[in-house]
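A.B. asks: Just to be clear, the model below is a prediction. Sequence and coordinates:
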Amino acid sequence: MNQTGAYPGRTGLSPALMLLVAIVLAVLLAGCAQSRNAATQSWSGVAVEGDSTYVGTREGRLIRLSLDAGLAQIAPYQVPQPDREQGFPALYGTPVVEDGRVYVGTYNGIVLSLDANSFGDARTFEIDGNDLAKGIAGSVVPHNGSLVVAAAEDAGEGRLYVLEASSLIEQCRFPARNETPVGQLWTTPLVQDGIAYFGDQSKRVHAVSIADCRPVWDQPAQLDGAVVAPPVIAGGHLYLGAFDRAFYRVNLATGAPEKLFEANNWFWGAAVTDGTTMFAPNMDGNVYAYNIQSGRVVWAYPGNDEGEPVLASPVLSGEELVYASDSGIMVVLDKQSGSRRWDRRVGNDVRAPLGAEGRLVFLHSLDETITAIDLDTKQLAWERNLNDVK
């Protein structure tokens, strides 16, 4: 394929894929609804810290399991139930553990900090906005004593919050309280060297200093599609896909965007990189490998109309790329050639980002099952349905 052309082999969307797009869009725009008092799907990934894994559920529970056997280590933490006028506190973002604390954001706009060992000493911060529409869909990002949070405050409106990590006291927000919000935010910011990079649903990518919440670029990068996927940094550029079916890079210094190639559907999940190649999942069912140096897509798997939509961000382990489809199939590819090494079923739909610790890969499916797969033995290490964890 050429640098900016669509990948050949798929000329349209199947009825099933069109239905999935409609469902996902409905979830994405749930903030516009007048009632969010029922449990939603939850796409929390699995975080690993020491000998423990942490994951959130659609019922607003934070669960800690052992790394090696998937056994509950302590009683789950239940996010307090909201008033009738507020949204439901499902957990979409992957929990983050740092300095003995676990941080997570809720679907109804609460930043939560807990002791990572006991789930005690709970501290909270509530974002501003419409109680029926505000929410946090991404992960809370710790950075140098601060927490960076991308939040939707209302239908079509979002803001970046910077909190002091230990106290959860607000340090600043972007845009400022008296300024017009950016587009709705349903993403996880990428924070590096004191700068938060994130895209919004108004088709813009922002770079903001977390020290004072001031923009770094003269203007945000203007894309042709809404952004949900977190960006990835390599070689002085951001890389990310958007809802116009295009994959972009954005100059870190200037914010100038460049369209690299087009797929046949939305880019939802984040790409991963080994520093040489970007591996980008797409809802057309393909994973695209874009070589940074040559500036071209070197392979796409499966490269035809046989793949199921891929919303979950993949992981790299050694020379293997591991991804999971919306039909609950985990696929292991050779990252150099894109050839399939093996695959296995892991449950139903997988939309949460995959996690890895060494050669163990963790998957969270929509039926609330956590699956741990050993890549060396190709066997199930353990499996745990979170509904059974009391």
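C.D. replies: Done, it's in. Keep in mind that this is a model prediction, so the values were computed, not measured.
A.B. asks: quick one, strands of the stretch 101-250 of the chain?
C.D. replies: When assigned using DSSP state E, counting those that start in this stretch, the strands of the stretch 101-250 of the chain occupy the ranges 101-105, 110-115, 123-126, 141-143, 146-154, 157-164, 170-174, 190-192, 195-199, 204-209, 221-222, 232-234, 237-241, 246-251.
A.B. asks: just so I know, which of these lies nearest residue 327?
C.D. replies: The closest of the strands of the stretch 101-250 of the chain to residue 327 is strand 237-241. By C-beta to C-beta, the value is 20.7 Å. The way it works is simple: take the backbone N, C-alpha and C, and place the C-beta from them, glycine included.
A.B. asks: what's the nearest residue to residue 364 once chain neighbours are set aside in contact with, if anything?
C.D. replies: Setting aside the residues directly before and after it, residue 364 is nearest to residue 352 in space (C-beta to C-beta, 6 or more residues apart in numbering), at 4.1 Å. Each residue near residue 352 by C-beta atoms under 8 Å, 6 or more residues apart in numbering is listed here: 42-46, 94, 312, 363-365.
A.B. asks: Distance check, residue 352 against residue 245.
C.D. replies: Computed as C-beta to C-beta, to the nearest Å, the residue 352 to residue 245 distance reads 23 Å.
A.B. asks: repeat for residue 225
C.D. replies: Using C-beta to C-beta, residue 225 is found at 7 Å from residue 245.
A.B. asks: coming back round to it: identify whichever of the strands of the stretch 101-250 of the chain lies nearest to residue 283.
C.D. replies: Across these, closest to residue 283 is strand 237-241 (C-beta to C-beta), at 9.8 Å.
A.B. asks: roughly how far is that closest one from the heart of the chain?
C.D. replies: 14 Å (C-alpha atoms, centre = their mean, to the nearest Å).
A.B. asks: try stretch 376-390
C.D. replies: Between the mean C-alpha point of stretch 376-390 and the mean C-alpha point of its chain there is a distance of 22 Å (C-alpha atoms, centre = their mean).
A.B. asks: again with stretch 347-365
C.D. replies: On the basis of C-alpha atoms, centre = their mean, the separation between the geometric centre of stretch 347-365 and that of its chain is 13 Å.
A.B. asks: Report the buried residues of it.
C.D. replies: Neighbour counts using 16 or more other C-beta atoms under 10 Å place 347, 349-357, 360-365 of stretch 347-365 among the buried residues.
A.B. asks: follow-up on the earlier one: mind listing the shared neighbours of residue 225 and residue 245?
C.D. replies: Contact criterion C-beta under 8 Å, 6+ apart; residues bridging residue 225 and residue 245 by contacting each: residue 266.
A.B. asks: Listing request: residues of the chain with sub-threshold pLDDT.
C.D. replies: Low-confidence regions of the chain, defined by pLDDT under 70, span residues 1-42, 83-87.
A.B. asks: In space, what's closest to residue 249 - neighbours in sequence excluded?
C.D. replies: Using C-beta to C-beta, 6+ apart and skipping residues adjacent in sequence, the residue nearest residue 249 is residue 237, 4.3 Å away.
A.B. asks: In the beta-sheet assignment, what are the partners of the one you found?
C.D. replies: Applying DSSP bridges to residue 237 gives these bridge partners: residue 234, residue 251.
A.B. asks: which residues sit in contact with it?
C.D. replies: Residues in contact with residue 237, defined by C-beta under 8 Å, 6+ apart, are 249-252.
A.B. asks: Switch those residues over to CSV; also include neighbour count and distance to residue 191.
C.D. replies: Output for those, formatted as CSV (neighbours: other C-beta atoms under 10 Å; distance: C-beta to C-beta, whole Å):
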residue, neighbour count, distance to residue 191
249, 24, 19
250, 23, 16
251, 14, 18
252, 19, 13
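A.B. asks: nearest to residue 220, of these?
C.D. replies: Closest to residue 220, out of all of the contacts of residue 237 and judged by C-beta to C-beta, is residue 250, at 9.6 Å.
A.B. asks: got the contact list for the residue lying closest to the closest one once chain neighbours are set aside?
C.D. replies: With C-beta to C-beta, 6+ apart as the criterion, residue 250 has its nearest non-adjacent residue at 4.2 Å, and that residue is residue 238. Residue 238 sits next to 190, 197, 205, 231-232, 248-250, 252 when contact means C-beta under 8 Å, 6+ apart.
A.B. asks: returning to that earlier point: name the nearest of the contacts of residue 237 relative to residue 183.
C.D. replies: Lowest distance from residue 183 to the contacts of residue 237 (C-beta to C-beta) belongs to residue 250, with 16.1 Å.
A.B. asks: Is it correct that that closest one is in contact with residue 220?
C.D. replies: No. With contact defined as C-beta atoms under 8 Å, residue 250 does not reach residue 220; the gap is 9.6 Å.
A.B. asks: shared neighbours of those two, anything?
C.D. replies: Taking C-beta under 8 Å, 6+ apart as the contact criterion, the common neighbours of residue 250 and residue 220 are residue 205.
A.B. asks: Let me know how buried residue 170 is, in neighbour terms.
C.D. replies: By the criterion of other C-beta atoms under 10 Å, residue 170 has 18 neighbours.
A.B. asks: just residue 214 next, same as before
C.D. replies: Applying other C-beta under 10 Å, I find that residue 214 has 12 neighbouring residues.
A.B. asks: Skip the chain neighbours and tell me the closest residue to it.
C.D. replies: Counting by C-beta to C-beta, 6+ apart, the nearest residue to residue 214 once its immediate chain neighbours are dropped is residue 208, at 6.9 Å.
A.B. asks: Distance of that neighbour relative to residue 141?
C.D. replies: If you go by C-beta to C-beta, the gap between residue 208 and residue 141 works out to 12 Å.
A.B. asks: Need the overlap of contacts for the two.
C.D. replies: Residues within reach of residue 208 and of residue 141 at once, by C-beta under 8 Å, 6+ apart, are residue 196.
A.B. asks: quick one: the strands in the stretch 251-390 of the chain?
C.D. replies: When assigned using DSSP E, counting those that start in this stretch, the strands of the stretch 251-390 of the chain occupy the ranges 257-262, 272-273, 277-281, 287-291, 296-301, 315-317, 320-324, 329-334, 340-345, 355-357, 360-364, 369-374, 379-385.
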